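Undergrad: quick one: sequence and predicted model below, then my questions.
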Amino acid sequence: MSIIAGQGDAARSLKLLWGAAGGERRSPGPKPALTVEAVVAAAVEVADEGGLAALSMRAVAERLGRSSMALYTYVPGKAELVDLMYDRAHAELPGSYPLDEGWRAAATAWAADLRALYLRHPWLLQVSYARPVLGPCEQGVLEALAGILFATGLPADTLRAAASSLFDLVRGAARTRAEARLATATTGVADAEWWAERSARLGEVAPDFAARFPLSVRLSAEDAGGGAPASWEERMDATHAAGLALLLDGVEAAAGAPPGGVSPR
């Protein structure tokens, strides 16, 4: 189930998101025992290990060796903490991409980096982006993509559609990969083993499956020319790469370059 971002106090959340971007402001007096950054870093560690289901102010406090009440001095509550975690995780991504090899190569690198981020921190996929957290690091990801896409020369309304499609494609591919890992870890049964058993059983109960669903079977058939990747994860990687290439072909076509041809820089 997705968690909707931005449910905390708007004023306090945005102040924390943007105030911490340039370093925490300290008032005169003794150095505080904790910092917002330390709390957020500990929360990210908790979520990396157990997902957002494992996240609580108590769990973060225990990791820091503090009481739960001590954390509220720095972060008002769990809702604001999730926003901070989400934004800080995106700080791992580059702020811009070189266009030396053209916008398409830069877009491919951006997509690879974002997908890798989601797989390092799969809990990010549990946070709905229907409502952004409006933090500087999250915004920087869109800014980097915009810097790439505007190099195509296409108008902003067209690029908005391209940007949205790229985010959806990358997030969807990462979610499928992350859920496949979770399925294996939860059930103890690898994807290949699961599919082998189910396919055999399906053949027994629905021997006419191929005749009833010929186009579905055709879609799932192996490419006779290229062969199959060695693992299910590699198959998912290959499918994502093909889908990304197809989407970028469309952007190239809209920009006036033939798919696969030399595009504007």
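TA: Sure thing, it's come through. No experiment lies behind these values; they were computed from the predicted model shown.
Undergrad: give me the helices and strands touching the helix or strand containing Glu80, please.
TA: In the assignment (DSSP states H and E), Glu80 maps to helix 78-89. For helix 78-89, the contact count by 3 or more CB pairs under 8 Å, 6 or more residues apart in numbering; DSSP states H and E identifies helix 10-19, helix 36-50, helix 57-64, helix 136-149 as packing neighbours. From N, CA and C alone the C-beta is placed, and that goes for glycine too.
Undergrad: tilt between it and helix 10-19?
TA: An angle of 20 degrees separates the directions of helix 78-89 and helix 10-19 when computed by axes from the mean of the first three to the mean of the last three CA atoms, to 10 degrees.
Undergrad: worst mean pLDDT among the helices and strands packed on helix 78-89?
TA: Comparing mean pLDDT over the helices and strands packed on helix 78-89, the weakest stretch is helix 10-19, at a mean of 93.
Undergrad: what sits up against it?
TA: Residues from elsewhere that reach helix 10-19 (CB atoms under 8 Å, 6 or more residues apart in numbering): 6, 25, 36, 75-76, 79-80, 83-84, 87, 133-136.
Undergrad: Throw those into a markdown table and include distance to Ser68 and neighbour count, thanks.
TA: Written out in a markdown table, the entries for the contacts of helix 10-19 read as follows (distance: CB to CB, whole Å; neighbours: other CB atoms under 10 Å):
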| residue | distance to Ser68 | neighbour count |
| --- | --- | --- |
| Gly6 | 23 | 19 |
| Arg25 | 24 | 7 |
| Val36 | 16 | 20 |
| Val75 | 11 | 25 |
| Pro76 | 13 | 15 |
| Ala79 | 15 | 16 |
| Glu80 | 15 | 23 |
| Asp83 | 19 | 26 |
| Leu84 | 17 | 25 |
| Asp87 | 22 | 26 |
| Val133 | 23 | 24 |
| Leu134 | 27 | 16 |
| Gly135 | 24 | 23 |
| Pro136 | 28 | 16 |
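Undergrad: OK, contacts around Val44?
TA: Contact partners of Val44, counting by CB under 8 Å, 6+ apart, are 85, 88-89, 121.
Undergrad: looking at those, spot the one nearest Ala254.
TA: For the contacts of Val44, the residue nearest Ala254 by CB to CB is Ala89; the value is 31.8 Å.
Undergrad: what is the neighbour count of the closest one?
TA: 22 (other CB atoms under 10 Å).
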